[in-house]
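**Student:** All I have is the shape, not the residue letters:
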């Protein structure tokens, strides 16, 4: 009985793996860059930069993307300069909706990112000059969506919004970007 169960389990796993392999199309499909505005919780809106790689599909209509994003914000209060920056490295899965217009490709997505946060405070004289800084690494959850449309056979235009849930650094971002087809 145990042997039959083991054989059925192995056969089922082999079948699932072959179906998943047949439906996936992973590789370096597109390379892109984005710019936009981000509103980190409690800091005010600032400029952001990003780079991403589209790795293709892991299932029908579900694509995988890796990202590197950066933003920095500085402010001054009574001569004291406070700055915060975030470098985020992460991956996202996007569900791409089918539409009647193949040139408009809306998507929703979710992903995880590792955020390398740094806060620096500089106090001027007469109490300084004194500079303190703190760094932390935190895991973030990213939820969002957007739309992609082709500009030509090798270039796509992207517009997206994302909400990042990160302890002490939640943010809302609006970005635009371009992606370029690799190979072929």
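**Tutor:** Sure thing, it's come through. Bear in mind the structure is a predicted one, so any value in this text is a computation, not a measurement.
**Student:** Bridge partners for the spatially most central residue of the chain, pull those for me.
**Tutor:** Residue closest to the mean C-alpha point of the chain, counted by CA atoms, centre = their mean, is residue 67 at 4.8 Å. Using DSSP bridges, the bridge partners assigned to residue 67 are residue 52, residue 90.
**Student:** from memory it sits against residue 87, does it?
**Tutor:** No: using CB atoms under 8 Å, residue 67 makes no contact with residue 87, being 11.1 Å away. (Each C-beta comes from the backbone N, C-alpha and C, glycine too.)
**Student:** what lines up beside the strand ranked longest in the chain in the sheet?
**Tutor:** Ordering each strand of the chain by length in residues (DSSP state E) puts strand 130-152 first. Strand 130-152 has the following sheet partners, assigned by DSSP bridges: strand 105-123 (antiparallel), strand 155-165 (antiparallel).
**Student:** so where's this protein uncertain?
**Tutor:** 1-23, 184 (pLDDT under 70).
**Student:** what about residue 65, how many residues close to it?
**Tutor:** 21 (other CB atoms under 10 Å).
**Student:** go on, residue 182?
**Tutor:** For residue 182, the count of nearby residues is 13 (other CB under 10 Å).
**Student:** nearest spatial neighbour of it, skipping sequence neighbours?
**Tutor:** residue 28 (5.3 Å; CB to CB, 6 or more residues apart in numbering).
**Student:** For that neighbour, give its distance to residue 183.
**Tutor:** 8 Å (CB to CB, to the nearest Å).
**Student:** Show me which of the two is the more surrounded one.
**Tutor:** The neighbour count for residue 28 versus residue 183, taken as other CB under 10 Å, is higher for residue 28 (12 against 7).
**Student:** how close does the more buried one sit to residue 114?
**Tutor:** Where residue 114 is concerned, residue 28 sits at a distance of 21 Å (CB to CB).
**Student:** what do you get for residue 46?
**Tutor:** 20 Å.
**Student:** Looking at these two now, which is surrounded by more residues?
**Tutor:** residue 46 (18 against 14).
**Student:** Leaving out chain neighbours, which residue sits closest to the more buried one?
**Tutor:** Residue 46's closest residue in space is residue 73 (CB to CB, 6+ apart), at 4.2 Å.
**Student:** Just grab the bridge partners of that neighbour for me.
**Tutor:** residue 84.
**Student:** Might you report the residue contacts of it?
**Tutor:** The contact partners of residue 73, taken as CB atoms under 8 Å, 6 or more residues apart in numbering, are 40, 43, 44, 46, 83, 84, 85.
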